[in-house]
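Engineer: Take this sequence and fold it.
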Amino acid sequence: EAYVIYQFLSFLIAVLGKGDRSVVVELLSKHADNLKPPLSCLSCLYYPDPDESDEAMANAVILECQVFTLQFVFLRPILSITLFVLEMLKEGDEPMPTWDWRSPKLYITLVQNISVFCAFRGLLKFYHAVHTYIEWVEPLPKFLCIKGIVFLTFWQSMLLNIFANAGGGGGDQDPDEWADEIQNLLICLEMLGFSIAHYFVFPTEEWEEGFIRRRLDMSVGDSIAFGDFVSDVKLVVNSSRSARAHRKDYGSTVGSTSSIPSEDIESDAEGLDDNAVEDDGDEAAGLVEGMDVLKER
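Structural biologist: The predicted structure is shown next:
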């Protein structure tokens, strides 16, 4: 369930950048003003700093979306295993209550809820940032199919538990047990409908020659995308390390520059100003020449 969410984000990045993340960064940097700034609470992961350039802002936004989806990939199995172990270790045959504040299942459910919310936030933010570039692949129906499966496997289960514990069904049967039975029955029926929907929403014709774009050569390993998953994890880790190293180097640089005589700093600044004027003049001349060429064409 969690890996499918991550794969959908990887799918959008692969379609947009033809498998190259740097292409997506360059594309989004052209419209950096329209990007919603990334969360400051993840600033330790951003390198370079988003305020340094448009490319840095685009890179930080994509990294934020990847972090939000990756955390779900790691948390979901850990929480599920934890809940399974607690169920095995509890005393008695009664199932662990979901809505009792003394039950660990309540807090595990809350953490899962927050994790799912963050994962969908990352997907939606990336979709809103790139939807104009990938309209040809119709990502919204694909997203709804993926979101629908997650909704039915998580949110539907939660709603049934609330309904059962509120006295809405089950009679003399344990509410949580009744909710689980109804959930299992509905999933068996609903997945048939989703399998049919996936057949139409993910058609093979999209990737045939002559359909707007040609399909990239893909193998079974590419469809599993395990290599992309590992590379994204390394990207997040390396970005965090680079950010820490940059802040450390910046602190040492500031300390060393304080001992430079002011006369040397002023002379260097004058030299930089002269070079900047010359560069601006060359750039202006190049623009004029380019405009003349366009007029002739």
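Engineer: going forward, measure contacts and count neighbours with C-alpha atoms only.
Structural biologist: Noted.
Engineer: any idea which helix or strand carries V150?
Structural biologist: Following DSSP states H and E, the helix or strand that holds V150 is helix 139-150.
Engineer: Next, the buried residues of that helix.
Structural biologist: Neighbour-count burial for helix 139-150 flags P139, K142, F143, C145, I146, I149, V150 (criterion: 16 or more other Cα atoms under 10 Å).
Engineer: so where's this structure shaky on pLDDT?
Structural biologist: Applying pLDDT under 70 to the chain flags residues 170, 210-229, 250-297.
Engineer: ranges for the strands of it?
Structural biologist: Listed in chain order, the chain contains no strands at all (DSSP state E).
Engineer: Give me the nearest residue to V116, chain neighbours excluded.
Structural biologist: F72 (6.6 Å; Cα to Cα, 6 or more residues apart in numbering).
Engineer: what sits against the one you found?
Structural biologist: A2, S115, V116, C118, A119 (Cα atoms under 8 Å, 6 or more residues apart in numbering).
Engineer: Are any of these buried, and if so which?
Structural biologist: Counted by 16+ other Cα under 10 Å, the contacts of F72 give A2, S115, V116, C118, A119 as buried.
Engineer: give me every residue that touches the first one.
Structural biologist: For A2, the set of contacting residues under the criterion of Cα under 8 Å, 6+ apart consists of F72, V73, R76.
Engineer: is it true that the last one touches N113?
Structural biologist: No. Proximity of R76 to N113 does not meet the contact threshold set by Cα atoms under 8 Å, at 10.2 Å.
Engineer: Which one of those two is surrounded by more residues?
Structural biologist: Each of R76 and N113 has its neighbours counted (other Cα atoms under 10 Å); R76 has more, 18 against 14.
Engineer: and the gap between the more buried one and T69?
Structural biologist: 11 Å (Cα to Cα, to the nearest Å).
Engineer: With A179 instead?
Structural biologist: From A179 across to T69, the span is 28 Å (Cα to Cα).
Engineer: likewise L110?
Structural biologist: Distance, L110 to T69, by Cα to Cα: 17 Å.
Engineer: who's more crowded, these two?
Structural biologist: Taking neighbours as other Cα under 10 Å, L110 and T69 compare with T69 leading, 29 against 11.
Engineer: Helices along the stretch 1-150 of the chain, start to end?
Structural biologist: Ranges of helices in the stretch 1-150 of the chain, per DSSP state H, counting those that start in this stretch, are 2-17, 21-29, 54-89, 104-130, 139-150.
Engineer: closest to R244 out of those?
Structural biologist: helix 54-89 (15.0 Å; Cα to Cα).
Engineer: Which pair of the buried ones among the contacts of F72 spans the longest distance?
Structural biologist: A2 and C118 (12.0 Å).
Engineer: tell me the angle the helix holding V150 makes with helix 2-17.
Structural biologist: Angle, helix 139-150 to helix 2-17, by axes from the mean of the first three to the mean of the last three Cα atoms, to 10 degrees: 170 degrees.
Engineer: Which strands or helices does helix 139-150 pack on?
Structural biologist: Contact here means 3 or more Cα pairs under 8 Å, 6 or more residues apart in numbering; DSSP states H and E; on that basis helix 139-150 packs against helix 2-17, helix 175-201.
Engineer: what's in contact with that helix?
Structural biologist: Residues outside helix 139-150 that contact it (Cα under 8 Å, 6+ apart): E1, V4, I5, F8, L12, H131, M191, F194, A197, H198, V201, F202.
Engineer: and what of stretch 123-138?
Structural biologist: Stretch 123-138 has contacts (Cα under 8 Å, 6+ apart) with 9, 12, 15-16, 28, 34-35, 61-62, 65, 69, 139, 206, 212.
Engineer: In this structure I187 contacts L152, no?
Structural biologist: Yes. Counting by Cα under 8 Å, L152 is a contact partner of I187 at 7.1 Å.
Engineer: now the helices of the stretch 1-150 of the chain in a markdown table, with distance to N161?
Structural biologist: Shown next, in a markdown table, are the helices of the stretch 1-150 of the chain (distance: least, Cα to Cα, whole Å):
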| stretch | distance to N161 |
| --- | --- |
| helix 2-17 | 22 |
| helix 21-29 | 41 |
| helix 54-89 | 16 |
| helix 104-130 | 12 |
| helix 139-150 | 16 |
